[in-house]
Structures are given as C-alpha cells and as structure tokens.
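A.B. asks: here is a sequence together with a model predicted from it:
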Amino acid sequence: MITALQAMVRKDVLLFLADPRALLMSIAAPIAIASFFGYALGGSGNRSDAGRISVLVSDLDSSAISREIVTGLSSEKGLEVNAASPAESREAVRKGKAAVAVIIPKDFGSDAGQAFFARAQKPRIDVLYDPSQTAARGMVQGILTGHVMQAVSKEMFTGQAGREVIDQSLRDLEASPALPSTEKNSLLDMLRSIQKWNTSQLNSAAPVQGLSVPFTTREDAVTARQGVVYNGYAHAFAGMAVQFILFLGIDVGIGLLVQRQRGLWKRLRAAPLSRGVLLGSRALSAAVLAFVILLINFVFARIAFGVRVEGSLAGFLAVAAAFALMTATFGLLIAALGKTPEATRGLAIFATLLLVMLGGAWIPSFIFPQWMQKATLIMPTRWAIDGLEAMTWRGLGFTAAIAPLAVLLLFAITFGVLALARFRWEEG
C-alpha cells in the first residue's frame with residue numbers, strides 16, 4: 001500500500017507540474033496580485049509617494065485668520081490642498097475627485113474673534129466630504145480644528161483684528177448694565193490685560209504664535225525589533241497565497257469528482273485500493289503542492305520586497321504545513337459532498353471567497369467592526385493569515401504559532417473525517 005500511495009502521489013504532482021494553467025493560477029497569479037496589494041498597503045517601510053488626502057479649500061473671507069488657516073492646512077504632509085470655489089468644491093467631492101472640501105465663510109475672522117471672547121454666534125465652516133471616505137473626513141476635521149484654534153488665538157492676542165475686537169468688547173462690557181459688578185470687573189481686568197499684551201507685541205521681534213497643542217508625540221512603530229519597519233507586502237503575500245492555495249483545494253475536489261464521473265474510481269477500486277489510500281494519496285499530494293507553493297510565494301517576497309521571517313522559522317514552516325494540510329482536506333470534503341463537478345464548482349468558489357474575505361486576506365482584519373473581528377475567529381483562514389504575519393513582520397516566537405497550528409490541524413482533521421465518512425465510490 002505504501003508503494004501504491006507513493007505512486008499515486010507522484011502521479012498527482014507530475015500532472016500538476018505539466019499543467020501550465022495550474023502553475024499560472026497557483027504561483028504567478030498570487031505573486032502578481034500580492035505585489036499590487038502590498039504596494040497599495042504601503043510597501044516596505046515609509047514611502048515618499050504615499051497617498052495624501054485631497055482637500056479643496058474655499059476661502060471666502062480672505063482675512064488674516066483665514067489665510068493663516070489655509071497656510072496651516074497646506075503645510076500638512078498628509079494633505080494635498082488646493083483652492084477652489086464652493087461650487088467647484090462640491091462638484092469635485094461629488095465626482096470623487098476630492099475627499100474633503102473646506103469652505104470658510106465671509107467675515108469668519110471677525111466673527112470667530114467675537115466668539116473667542118464673548119458668547120457671540122459662532123461662525124460655521126462647511127466641511128463637504130465623500131461619504132465613502134469617512135476616515136479622511138475625521139482626519140481633516142481634527143487637523144482643521146487645531147489650525148483654526150491656533151490662527152484665531154494668534155490674531156486675537158497679537159494681531160490688529162484682535163485689538164479691534166478687544167476694544168469693541170471693552171466698550172460693550174462697560175456699557176452693559178446686566179452683569180454683576182464683581183463679574184464685570186473681572187472681565188474688564190482680563191480684557192485690559194490682553195489688550196496690554198497685544199500692544200506690547202507690536203514692537204516684539206520674537207516670532208508670534210497662537211495657542212497650540214501643549215504636547216508633542218514620538219511615533220514608534222512596534223514591529224519585530226527596533227529598526228525593523230513594517231512591510232505591507234508580508235500581509236499581502238500571506239493573504240493572496242492563502243486565497244490561491246484554497247483555489248488549488250477546489251481543483252483537487254473538482255478533479256476527484258471528474259474522475260468519479262468518468263468511472264475511474266470504480267476501476268481503481270478493482271486494484272484494489274481502499275478509500276483511505278485513494279483519498280490519502282490525493283490529500284498528501286495536494287498538501288505537498290500547497291506547502292511548496294506557499295514557500296515559493298514567500299521566497300519571491302523575500303527576494304523582491306524584503307519580506308523576512310523575523311520570528312520563528314520553525315513556527316512559520318509549521319503554520320504553512322498545517323494550512324497546506326487543511327487545504328488538502330478541504331478539497332477532499334468538496335469531493336465528498338459534491339454531486340457533479342458543474343454544480344459543485346460554483347458553490348465551492350463561493351465558500352472559498354467567503355473564507356478568504358472574512359479571514360482578512362483582502363483587507364486586514366483590524367479594519368472589520370469589533371463584533372466581526374471576534375466572529376471571524378471561527379475561520380481557518382483568519383488563523384492562517386494571523387499565524388503567518390506573527391512569524392514574519394511581527395517577529396514572534398514559536399509559542400505564537402501554537403494556537404494557529406492547533407486550529408488549522410483541528411480543521412484539517414474535521415474536514416478529513418467528514419470526507420472519509422461521506423465518500424462514495426459511485427455517483428448518485
């Protein structure tokens with residue numbers, strides 16, 4: 001039986017290598033697509049050509065404050081700021097040519113100054129945004145808030161507009177009979193102090209700044225170790241390798257169904273061959289091919305894009321082998337449950353795409369809603385991708401591979417047992 005098993009495994013491997021379409025779909029396709037996704041996800045390290053958020057600004061005020069705001073927005077390295085009219089801005093956002101548009105209304109500077117010191121009506125800045133890019137809206141609003149606060153406070157404490165606003169506020173406050181005297185005197189003292197400070201800045205040579213965030217941050221990307229930058233190609237190659245290796249599993253299952261449809265299983269049964277040997281040889285050959293294909297993908301990623309196994313090499317190989325075995329038994333399960341190749345292929349592809357999508361192969365799972373992140377833990381693909389990432393750019397030790405390894409082996413055993421139980425030598 002060992003000789004028969006070896007012969008059948010060798011036959012399956014040779015047939016695969018002789019099929020140009022199979023080689024193209026299993027090796028070239030995932031490499032090409034992973035290269036694209038890896039580049040789109042940031043590539044290896046910080047890229048100088050990383051995408052910036054397109055922002056249009058309509059300054060209808062043209063005051064010192066509004067000009068300061070526009071200058072501040074333009075200085076942000078994550079934004080690409082251009083001027084446009086309100087109508088042009090709305091049309092560009094509607095067509096998807098700009099993610100966000102900021103419209104600063106007329107008299108914004110003076111109205112914001114009045115609202116800065118008194119309970120005056122606050123002026124409104126209109127923020128138009130593409131609803132498909134809500135994250136960009138939140139980022140731009142946060143940046144805009146900081147620059148508005150800094151520009152308004154700078155002008156109110158040191159600028160001509162600020163002196164005019166304070167003078168008017170003092171006159172209004174002195175003429176107001178409504179406020180209690182103690183509160184009125186406190187406000188007068190505060191405004192006069194600001195007025196005195198504003199006047200003293202007229203002849204000051206020091207650079208003038210407004211209120212700003214009272215802290216700085218130091219960004220430190222936590223990867224395998226200090227100095228190792230995140231490599232987006234690691235996730236892309238893990239995801240695409242998982243997807244196309246699962247397609248190999250579909251081909252295994254459909255191939256078995258075709259053989260049964262043509263009566264080959266009945267002839268093999270006369271050899272005689274047990275169903276364990278028949279299914280075992282197909283599973284073993286598929287697992288070997290899946291393991292080799294995954295290694296080829298990561299060898300290419302290492303050579304072309306610098307993707308390294310920063311963690312445990314043994315853990316990486318163990319997760320890869322467990323996923324390869326799970327893929328092989330997944331193919332056997334397709335063959336055991338399917339009736340005809342034609343009816344089974346579409347359902348199998350649909351099921352595979354669900355596994356891939358929910359496993360985080362297309363987009364990282366942290367982008368999912370919180371409930372979905374927890375729910376997708378029942379997907380073997382999630383464990384495979386997380387395990388491969390843990391061993392590559394995260395640089396974790398073998399202990400981090402134990403959980404993915406155990407889950408993938410559990411799925412492999414479950415699929416294999418079900419396939420063996422539902423196996424039928426003949427169609428129908």
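C.D. replies: That came through fine. Bear in mind that the values here come from a model prediction, so they are computed numbers and not experimental data.
A.B. asks: so what's Pro86 scoring on pLDDT?
C.D. replies: Each residue has a pLDDT score; the one for Pro86 is 94.
A.B. asks: actually Ile103, not the one I typed
C.D. replies: Confidence at Ile103, expressed as pLDDT, is 94.
A.B. asks: what's the answer for the one 3 residues further on, then?
C.D. replies: Model confidence at Lys106, given as pLDDT, is 93.
A.B. asks: in this structure it contacts Ser58, no?
C.D. replies: No - at 10.6 Å, Lys106 does not count as touching Ser58 under the criterion of C-beta atoms under 8 Å. (Glycine included, C-beta is placed from N, CA and C.)
A.B. asks: so these two - more neighbours on which side?
C.D. replies: Ser58 (21 against 14; other C-beta atoms under 10 Å).
A.B. asks: wasn't that one part of a strand?
C.D. replies: Yes - with DSSP: H, G, I helix; E, B strand; the rest coil as the criterion, Ser58 is part of a strand.
A.B. asks: quick one: it from Val288, how far?
C.D. replies: Distance, Ser58 to Val288, using C-beta to C-beta, to the nearest Å: 63 Å.
A.B. asks: what does Arg308 give?
C.D. replies: 25 Å.
A.B. asks: just Glu155 next, same as before
C.D. replies: Glu155 is 72 Å from Val288, by C-beta to C-beta.
A.B. asks: so between these two, which is more surrounded?
C.D. replies: Glu155 (26 against 18).
A.B. asks: can you give me the buried ones in the helix or strand that one falls within?
C.D. replies: Following DSSP states H and E, one finds Glu155 within helix 134-158. Residues of helix 134-158 classed as buried: 136-137, 139-140, 143-144, 146-158 (neighbour count, 16 or more other C-beta atoms under 10 Å).
A.B. asks: wait, Asp59 sits on Arg67?
C.D. replies: Yes - counting by C-beta under 8 Å, Arg67 is a contact partner of Asp59 at 7.1 Å.
A.B. asks: what residue of the protein is the furthest out?
C.D. replies: Pro177 (59.2 Å; C-alpha atoms, centre = their mean).
A.B. asks: helix, strand, or coil at that residue?
C.D. replies: coil.
A.B. asks: kindly provide the distance from it to Leu170.
C.D. replies: For Pro177, the distance to Leu170 equals 15 Å [C-beta to C-beta].
A.B. asks: next one: Thr399
C.D. replies: For Thr399, the distance to Leu170 - C-beta to C-beta - is 69 Å.
A.B. asks: Ala238 now?
C.D. replies: Counting by C-beta to C-beta, the gap from Ala238 to Leu170 is 66 Å.
A.B. asks: domains in the chain, by residue range?
C.D. replies: As given by automatic domain parsing, the domain ranges for the chain are 2-44+236-421, 53-200.
A.B. asks: circling back: which of Ala238 and Leu170 has more neighbours?
C.D. replies: Ala238 (32 against 17).
A.B. asks: wait, the more buried one touches Trp393, no?
C.D. replies: No - assessed by C-beta under 8 Å, Ala238 is found out of contact with Trp393, at 9.6 Å.
A.B. asks: what's the closest residue to Ser176 other than its chain neighbours sitting at in phi/psi?
C.D. replies: Excluding the flanking residues, the one nearest Ser176 by C-beta to C-beta, 6 or more residues apart in numbering is Lys184, at 7.1 Å. Dihedral pair for Lys184: phi -60, psi -40, per degrees, to the nearest 10.
A.B. asks: confidence score at Lys184?
C.D. replies: For Lys184, the predicted pLDDT is 71.
A.B. asks: that one and Glu174, how far apart?
C.D. replies: According to C-beta to C-beta, Lys184 and Glu174 sit 8 Å apart.
A.B. asks: likewise for Gly311?
C.D. replies: Using C-beta to C-beta, Gly311 is found at 71 Å from Glu174.
A.B. asks: ok, those two, which is more surrounded?
C.D. replies: Just comparing Gly311 and Glu174: by other C-beta under 10 Å the higher neighbour count belongs to Gly311, 21 against 10.
A.B. asks: that's a strand at the more buried one, yeah?
C.D. replies: No - per three-state DSSP, Gly311 lies outside any strand segment and is coil.
A.B. asks: you'd agree it is up against Leu388?
C.D. replies: No - using C-beta under 8 Å, Gly311 is not in contact with Leu388, being 10.1 Å away.
A.B. asks: in the stretch 1-150 of the chain, which spans are helices?
C.D. replies: Ranges of helices in the stretch 1-150 of the chain, per DSSP state H, counting those that start in this stretch, are 2-17, 20-23, 29-40, 64-74, 86-94, 108-117, 134-158.
A.B. asks: for Ala421, find the nearest of the ones you listed.
C.D. replies: Nearest to Ala421 among these is helix 2-17 (20.5 Å), distances taken as C-beta to C-beta.
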